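> Give me a model of this one.
(one chain, ligands or ions: 2)
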Amino acid sequence: MATATLCKVAGPVATFADKSVKTVRDSVGGQKLTVNRSFWGPTLRLKLALGERAEVRVFSRRSSRSGIAFCAVAPTSPAQTSVEQPSTTSTSDTTRTECFGVFCVTYDLKEDERPRTWKKTVRIAVSGAAGAISNHLLFKLASGEVFGPDQPIALNLLGSVKSREALEGVAMELEDSLFPLLREVNIGIEPIEVFRDADWALLIGAKPRGPGMERADLLDINGQIFAEQGKALNEVASPNVKVLVVGNPCNTNALIALKNAPRIPAKNFHALTRLDENRAKCQLALKAGVFYDNVSNVTIWGNHSTTQVPDFVNAKVHGKQVKDVITDHKWLEEEFTPRVQTRGGALIKKWGRSSAASTAVSIADAIKSLITPTPEGDWFSSGVYTNGNPYGIAEDIVFSMPCRSKGDGDYEIVPHLLIDDYLYTRIKKSEEELISEKKCVAHLIGESGGFCDITEDTMLPGEM
Ligand SMILES: NC(=O)C1=CN([C@@H]2O[C@H](COP(=O)(O)OP(=O)(O)OC[C@H]3O[C@@H](n4cnc5c(N)ncnc54)[C@H](OP(=O)(O)O)[C@@H]3O)[C@@H](O)[C@H]2O)C=CC1
Ligand SMILES: O=C([O-])CC(=O)C(=O)O
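Ligands and ions are numbered 1, 2, ... in the order given. Coordinates of the predicted model:
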């Protein structure tokens, strides 16, 4: 017989007896604890069978302390509440992934006034969550603008010891935004915790290249991050997780991540080149004197670096070939191409930091392109794994190509684009660069005999 009882968390846990008590989780008996949305205090209501014990975990954000108390209904007296002292307390457990603030309040969704059409919650893990790009992106995700107005989401935010406080600041702003679709925010500093059950992993965090740092150094330092994160995804993420690598050098970082995650289809890994595509569309629109929504079929080929190839040969304006609309072909070859390749650097000169808002927009675009059907005849750019590609690009690298999707999260590479001599020589140069980058990180992708022979110190778009 189930008996309603009041379990009062007391004793040493009383240090939590204020509004910083945030979480009430799982009972030993496997019961779901239903706590009212407005629960803030140290008191909760449990339904316990006679003689049953429930373990109650209490986490405190403010004091970084946690404790476990036991509640039980004494067999002799069903109405009586007995509370044992906490068995453990921790004062410095900051490595664990924790739910944050208001998102710790567990409640039964069925009791909510949610629309019937709401779907299963999508869990999105974001690394570098306290960084500049994330500061724009997280609010787009939470608003419903990316996954749709009927799609609840959970955010698992990855930071570091250094950014732990900042991560809490981000989570507080998410709390204060009252996004109805945002059902959970969890923060942590261990990929193996934060990536658990992720349906999407947006890998943004990476060390920026500092003064005097060679590209090879950057490849190694950041490569190690992505090797660790690939392994963690392999172990704990959803088996069909979609991974978008943003942290630079993003193509090779994506290769490292996928090589360290053999359980996840290599096809699920993307390197972000959508920002480059958007930049190319803007420049073509400016030159053609049209608004940018009239520009379509723009491909970025290759690496997210200054060797990338923005394709004006197959691009269209108002459905017509760009070369028929923009007849100044010298401009296309000699101005358009380098302008797109170095747009990131031009922006840094103005802003004093790399593009963050437009990058967040392009991440949103990249996700939307995978979860909505591509308009007939069009495509989008993404850095994807090259095995089996229809363009003869070297296998086993991550290379940006034209893709289309049915909107199911998957994609196919669009075949039969015209590759003229102009494109071919440049595409080959970007391919060579990626093959060299791969050799530099052989030790991180389980290959022997690697060596780093990057002689020309090619740049990220943000470097000049
Ligand atoms: N592909 C693309 O189109 C673009 C890519 N980028 C790249 O995106 C990345 C993030 O940019 P942005 O958000 O502006 O950068 P920020 O410096 O604002 O944030 C980056 C985050 O990365 C984390 N980080 C820094 N060093 C390390 C490290 N050694 N290991 C793990 N994480 C680290 C930090 O988080 P914490 O302290 O929590 O670890 C930091 O918050 C950069 O690599 C940038 O070059 C930028 C624009 C476009
Ligand atoms: O180089 C950077 O950090 C920024 C970058 O990738 C871009 O703006 O395209």
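> which residue does the protein bring closest to ligand 1?
Closest contact between the chain and ligand 1, by CB to the nearest ligand atom, is at residue 131 (2.2 Å). Yep, even glycine has a C-beta here, placed from its N, CA and C like the rest.
> Report how many residues lie close to that residue.
Residue 131 sits with 21 neighbouring residues when counted by other CB atoms under 10 Å.
> In contact with it: list those residues for me.
When contacts are counted by CB atoms under 8 Å, 6 or more residues apart in numbering, residue 131 touches 163, 204, 205, 356.
> Could you measure from residue 185 over to ligand 2?
Remark: distance between residue 185 and ligand 2 (CB to the nearest ligand atom, to the nearest Å) = 26 Å.
> What helix or strand is that residue located in?
Assigned by DSSP states H and E, residue 185 belongs to strand 182-188.
> chain center to that strand: distance?
Remark: strand 182-188 is offset 13 Å from the chain centroid, using CA atoms, centre = their mean, to the nearest Å.
> now stretch 400-419
Taking mean C-alpha positions (CA atoms, centre = their mean), stretch 400-419 and its chain are 21 Å apart.
> Pull up the distance across it, start to finish.
Counting by CA to CA, to the nearest Å, you get 14 Å between the two ends of stretch 400-419.
> got a list of contacts for that stretch?
Contacts with stretch 400-419, where a contact means CB under 8 Å, 6+ apart, come from 240, 242, 251, 267, 271, 273, 276, 297, 299-304, 308, 311, 313-314, 369-374, 378-384, 386, 389-391, 393, 427.
> can you do 7 Å?
Stretch 400-419 is contacted by residues 242, 273, 299-302, 308, 313-314, 369-374, 379-384, 389-391, 427 when judged by CB atoms under 7 Å, 6 or more residues apart in numbering.
> Okay, helices next: where are they in the stretch 201-350 of the chain?
Here the stretch 201-350 of the chain has its helices, by DSSP state H, counting those that start in this stretch, at 215-236, 250-259, 274-288, 322-325, 329-331, 337-341, 343-351.
> and for the fifth one, what are the contacting residues?
Applying CB under 7 Å, 6+ apart, the set of residues contacting helix 329-331 from outside is 287, 323.
> returning to what we had before: then the strand holding residue 185 to PDB, C-alphas only?
Output in PDB follows, covering the C-alpha atoms of strand 182-188 (Å, rounded to 0.1, in the frame of the first residue of the first chain):
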ATOM      1  CA  LEU A 182      14.100  24.500 -22.600                       C
ATOM      2  CA  ARG A 183      13.500  21.600 -20.200                       C
ATOM      3  CA  GLU A 184      16.900  20.900 -18.800                       C
ATOM      4  CA  VAL A 185      20.300  22.700 -18.400                       C
ATOM      5  CA  ASN A 186      23.100  20.600 -17.100                       C
ATOM      6  CA  ILE A 187      26.600  21.900 -16.700                       C
ATOM      7  CA  GLY A 188      29.900  20.000 -16.200                       C
END
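> for ligand 1, what are the nearby residues on this structure?
Counting by CB under 6 Å from any ligand atom, the residues of the chain close to ligand 1 are 128, 130-133, 159-160, 162-163, 204-208, 225, 246-248, 250, 272, 275, 304, 354-356, 359.
> My guess is residue 270 contacts residue 383. True?
Yes. Using CB atoms under 7 Å, residue 270 is in contact with residue 383, at 6.0 Å.
> between those two, who's got more neighbours?
It is residue 383, of residue 270 and residue 383, that has more neighbours when counted by other CB under 10 Å, with 33 against 29.
> Could you pull up the residues touching the nearest residue to residue 297 once chain neighbours are set aside?
Closest residue in space to residue 297, ignoring its immediate chain neighbours: residue 316 at 4.6 Å, by CB to CB, 6 or more residues apart in numbering. By CB under 7 Å, 6+ apart, residue 316 lies in contact with 296, 297, 322.
> Quick one: low-confidence residue ranges for the stretch 201-350 of the chain.
210-212 (pLDDT under 70).
> Kindly recompute the last result at 90.
207-218, 220, 345-350 (pLDDT under 90).
> Of all residues in it, which one is closest to ligand 2?
For the stretch 201-350 of the chain, CB to the nearest ligand atom, closest residue to ligand 2: residue 344, 2.4 Å.
> wait, what's in contact with the residue positioned nearest the centre of the chain?
Closest residue to the average C-alpha location of the chain: residue 202 at 1.5 Å, with CA atoms, centre = their mean. Neighbour list for residue 202: 124, 126, 244, 246, 363 [criterion: CB under 7 Å, 6+ apart].
> quick one: secondary structure of residue 432?
Recorded secondary structure, residue 432: helix (DSSP: H, G, I helix; E, B strand; the rest coil).
> Could you do residue 384 as well?
strand.
> Distance check, it against residue 277.
Computed as CB to CB, to the nearest Å, the residue 384 to residue 277 distance reads 13 Å.
> and if you look at residue 398?
Look at residue 398 and residue 277: by CB to CB, they are 16 Å apart.
> what's the answer for residue 155, then?
In terms of CB to CB, residue 155 sits 26 Å off from residue 277.
> and what of residue 253?
Counting by CB to CB - residue 253 and residue 277 are separated by 19 Å.
> what sits up against stretch 247-262?
128, 203-206, 218-219, 222-223, 226-227, 229-231, 233-234, 243, 245, 266, 269-272, 303-305, 383, 385, 397-399, 434, 437-438, 441, 444-446, 460.
> Surely residue 128 and residue 138 touch.
No. Contact criterion CB under 7 Å: residue 128 and residue 138 do not qualify, at 10.9 Å.
> re earlier: just the helices of the stretch 201-350 of the chain: most buried one?
Neighbour counts (mean count of other CB atoms under 10 Å) averaged over each of the helices of the stretch 201-350 of the chain peak at helix 250-259, with a mean of 29.
> Report the angle between that helix and helix 215-236.
With axes from the mean of the first three to the mean of the last three CA atoms, to 10 degrees as the basis, helix 250-259 and helix 215-236 are set at 40 degrees to each other.
> Run the contact check for helix 250-259 versus ligand 2.
No. Counting by CB under 6 Å from any ligand atom, ligand 2 is not contacted by helix 250-259; separation bottoms out at 7.6 Å.
> For that helix, list the C-alpha coordinates in CSV.
The C-alpha coordinates for helix 250-259 follow below in CSV (Å, rounded to 0.1, in the frame of the first residue of the first chain):
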residue,chain,number,x,y,z
CYS,A,250,37.6,22.2,-37.7
ASN,A,251,38.0,19.8,-40.6
THR,A,252,40.9,18.0,-39.0
ASN,A,253,39.4,18.2,-35.5
ALA,A,254,36.3,16.5,-37.0
LEU,A,255,38.4,13.8,-38.5
ILE,A,256,40.1,13.2,-35.1
ALA,A,257,36.8,13.1,-33.3
LEU,A,258,35.3,10.6,-35.8
LYS,A,259,38.4,8.3,-35.7
